[in-house]
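A.B. asks: okay, sequence plus prediction incoming.
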Amino acid sequence: MMTAKEIRESFKSFFESKGHQIVPSAPMVIKDDPTLMFTNAGMNQFKDIILGNHPAKYKRVADSQKCLRVSGKHNDLEEVGHDTYHHTMFEMLGNWSFGDYFKKEAIGWAWEYLVDVLKLNPENLYATVFEGSPEEGLERDNEAASYWEQYLPKDHIINGNKHDNFWEMGDTGPCGPCSEIHIDLRPEEERAKVSGRDLVNHDHPQVIEIWNLVFMQFNRKADGTLEGLPAKVIDTGMGFERLCMAMQGKTSNYDTDVFQPMIKAIADMAGTTYGKDAQADVAMRVIADHIRTIAFSITDGQLPSNAKAGYVIRRILRRAVRYGYTFLGQKQAFMYKLLPVLIDNMGDAYPELKAQQALIEKVIKEEEESFLRTLETGIRLLDKTIADAKVASKTEISGVDAFTLYDTFGFPLDLTELILRENGMTVNEKEFDAEMQKQKERARNAAAVETGDWITVKEGETNFVGYDYTEYETSILRYRQVKQKNQTLYQIVLSDTPFYAESGGQVGDTGVIVSEFETIEIIDTKKENNLPIHIAKKLPEHIDAPMMACVDTDKRAACAANHSCTHLLDEALRQVLGTHVEQKGSLVTPDSLRFDFSHFQKVTDEQLREVEHLVNAKIRENVPLTEYRNLPIEKAKELGAIALFGEKYGDEVRVVQFGSSIEFCGGTHVSATGKIGMVRILSESSVAAGVRRIEAITGARVENMMDAIQDTLNDLKALFNNAPDLKIAIRKYLDENAGLKKQVEEFMKEKAAAVKARLVESAKDVNGVKVVKSVIPMSADVIKDIAFQLKGEIPANLFVVIGSVDNNKPMLTVMISDDLVKAGQNAGKLVREAAKLIQGGGGGQPHFATAGGKNPDGLNAAVDKVIELAGL
């Protein structure tokens, strides 16, 4: 039986023998595609080639790509773990042709690999072909069917509808028919009863799709019409985990050696056995699936957070923690302990896991501990909701309450339902679903973008000249209109551009494009599928006129200074803190820089100062920039250039060097470090477990900040009569202030003691109860202290109600002795009712409660109301 590792290698070897270039997996986290947060298919890293933005370096390519899907067809996150073959993170084996071979070879090689190399039984294989679409004017894919007929009997070739057998990149763009290969893994006796043909695409767990061959031959325009693609593309994707299931004779992906080592480790940790309990088995499958997703995402630079991609990862992590908590009794952090098993299983294919092990473990552990605290809070809130419902004789809690638990505390509906069932209660699911739908609609509306077709002015590719020029002659290649949030913008592609497009943490350039007729402002420059997009609020009237593209040089220079400074900062941090420091993100703007890096504790003030001094020393050295363009990646590594985890590098890279600081980088930089001027670190903080953040400014902004600090110091000196030593003057003032404050406190204590004595003296005896009633102009803290002192002196049959005013704010305080509380008196209820007379509210415990308000004039009436309600 072939192992998973052997199967993966056999795929690559087979397609290498067919003239394919084997390329590494792209990161699972996507950075330069506004339409995607994660790689969800093998083709994502080739989108710029498929869209025609860049020529293909290799006409034939194959790889094993790590992918993540949490939505879409069969990919509802809440279903993962409940069946045998769906996952969040999965590997996709794929082969591509960019304008080279097409359907005949794609089908022939797929058959050769599955049947001749892997020896899968051809009798158990089925292929689907696109049945056609009359409304689109598309015929059945008879070409693909004719090739399949060379290998399969006709009853194993099945027509598929547009939903299953016509692949589209999105609402617009490349698309085409596809042919899915399905395999029937059922026992022979079941196959004899029901043909596999009748179960294809019917969600049968043992009759599954393993390979999809996409034949991209059309382009979908914004108006919905189709046009032929000039260069046809083959894009195939095979589910690695499903292939392993088929090859290893299993009926579940989770029974293969891809998952079993992890599931066994989870079972050992929980003191159970896989296959013993259905709910525990689901939990183990969920955790085994999710730990892969979480670890690879962190490796690729995406930390759990509350926004966008980070929120997806946090949600997946919390789902796994919750299953362990509920069904495996894991009340402490446990998932981070599974990482060695994952590395042992996948570390050879993906060495970045081992390299980032310490960071991944720390991030997962802290996230687990944080969510376990949140779970406890959620359970306490749910317990209160249940108690309130029982008091009201209800057996159902509101779906709105359940959604609040879900939305605010990450408390999933199924856990709420589980706890409710244990208490003989249910939740209003319709209300919950309605709240969920409202949230989805809000998110959809906020993100809705209406994108028009690209209008081609002339053919060509963009040539970036921004490393050498800030002004350059150019012309418009194509443009399109984009509408979002009631705003209309235009995306413009230029033939030659000096504008740097946002990437690598550096914001995009702004500036203008100028013709003899007009000047158009460029408000931003983005990168979409590796294509620089210039964003403007209006289009030039003379689209085909020659133009001059002019970058805002002040902003560019400030950006370059800040970007170069991040490189010097990176090197200095490694010198001061250690070589474990690795960049985990950055933001470079004209105003400031932000640098995230791996480090497991707070950086001390002394260390920050040392880092700052090292960087400033390098700036004063005025180290010149040494730049290497189109350098073979192996040469770059020989130079000692630092690469970032989670970045996809080509065979040739750009390297930026300032003396001993050498990094892979595509950003803009100063010609020598002296142009940075000076750096000042503003703050150092934690971003996530094991990741710290430094924020800093450079150049003129440091000067402005120093001026502001000097002005503040001058103002302070003036306040202290221009004392020669400001520190001594302030210390003297603070000491004097502390002495005076102590005197005031002593005076207040004496006053409080006198007030308390007067209250005891004036207390009335009402039916054996000492009633202390008064209105006093004192602070709430002093009144509270007096009330507790009274209770200490008169432990039984005491009823105190005091009204007080402090800074024109009325306060009501009620203290009741324990024996009166047992007899039925309740300070919280009394104060809540009486507070209405001071236009306020409050509450507390049965023996002590307070209320604040807005109307001091009603204080006497409120005090009397408390007495009246108490029946005294």
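C.D. replies: Received the coordinates, thanks.
A.B. asks: where does this protein have low pLDDT?
C.D. replies: Applying pLDDT under 70 to the chain flags the ranges 32-35, 71-76, 444-448, 645-646.
A.B. asks: quick one: contacts for the residue positioned nearest the centre of the chain?
C.D. replies: In the chain, the centroid-proximal residue (Cα atoms, centre = their mean) is residue 310; its distance is 1.1 Å. Residue 310 makes contact with 302-304, according to Cβ atoms under 8 Å, 6 or more residues apart in numbering. To be clear about C-beta, it is placed using only N, CA and C from the backbone, and glycine gets the same treatment.
A.B. asks: all strands for the stretch 1-150 of the chain, in order.
C.D. replies: Assigned by DSSP state E, counting those that start in this stretch, the stretch 1-150 of the chain shows strands spanning 21-22, 60-68, 89-98, 125-130.
A.B. asks: again with the stretch 451-600 of the chain
C.D. replies: Remark: strands assigned in the stretch 451-600 of the chain by DSSP E, counting those that start in this stretch are 455-456, 463-464, 471-474, 476-484, 487-494, 496-497, 511-514, 519-528, 531-536, 547-551, 583-588, 593-598.
A.B. asks: distance to residue 736 for those - can I get that in CSV?
C.D. replies: Listed next are the strands of the stretch 451-600 of the chain as CSV, based on distance: least, Cβ to Cβ, whole Å:
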stretch, distance to residue 736
strand 455-456, 75
strand 463-464, 65
strand 471-474, 63
strand 476-484, 60
strand 487-494, 58
strand 496-497, 65
strand 511-514, 58
strand 519-528, 55
strand 531-536, 60
strand 547-551, 58
strand 583-588, 46
strand 593-598, 42
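A.B. asks: which one, of those, ends up nearest to residue 747?
C.D. replies: Across the strands of the stretch 451-600 of the chain, residue 747 has its closest neighbour in strand 593-598 (50.6 Å, Cβ to Cβ).
A.B. asks: quick one: distance of the closest one to the chain centre.
C.D. replies: Taking Cα atoms, centre = their mean, to the nearest Å, one finds strand 593-598 lying 17 Å from the centre of the chain it belongs to.
A.B. asks: can you check stretch 583-592 too?
C.D. replies: Per Cα atoms, centre = their mean, the centroid offset for stretch 583-592 relative to its chain is 18 Å.
A.B. asks: same question for stretch 328-344.
C.D. replies: That offset, for stretch 328-344, works out to 22 Å (Cα atoms, centre = their mean).
A.B. asks: and residue 392, how many neighbours?
C.D. replies: Residue crowding around residue 392 was assessed by other Cβ atoms under 10 Å; the count is 7.
A.B. asks: just residue 45 next, same as before
C.D. replies: Residue 45 has 22 neighbours, counted by other Cβ under 10 Å.
A.B. asks: from residue 83, how far off is it?
C.D. replies: 28 Å (Cβ to Cβ, to the nearest Å).
A.B. asks: and if you look at residue 761?
C.D. replies: Relative to residue 83, residue 761 is positioned 79 Å away (Cβ to Cβ).
A.B. asks: which of those two has more neighbours?
C.D. replies: Taking neighbours as other Cβ under 10 Å, residue 761 and residue 83 compare with residue 83 leading, 16 against 7.
A.B. asks: beta partners of residue 596?
C.D. replies: Beta bridges link residue 596 to residue 585, residue 693, judged by DSSP bridges.
A.B. asks: so it touches residue 690, yeah?
C.D. replies: No: Residue 596 is beyond contact range of residue 690, at 10.7 Å (criterion: Cβ atoms under 8 Å).
A.B. asks: picking up where we left off before, nearest to residue 92, out of the strands of the stretch 451-600 of the chain?
C.D. replies: Distance to residue 92, taken as Cβ to Cβ, is lowest for strand 519-528 among the strands of the stretch 451-600 of the chain, at 22.8 Å.
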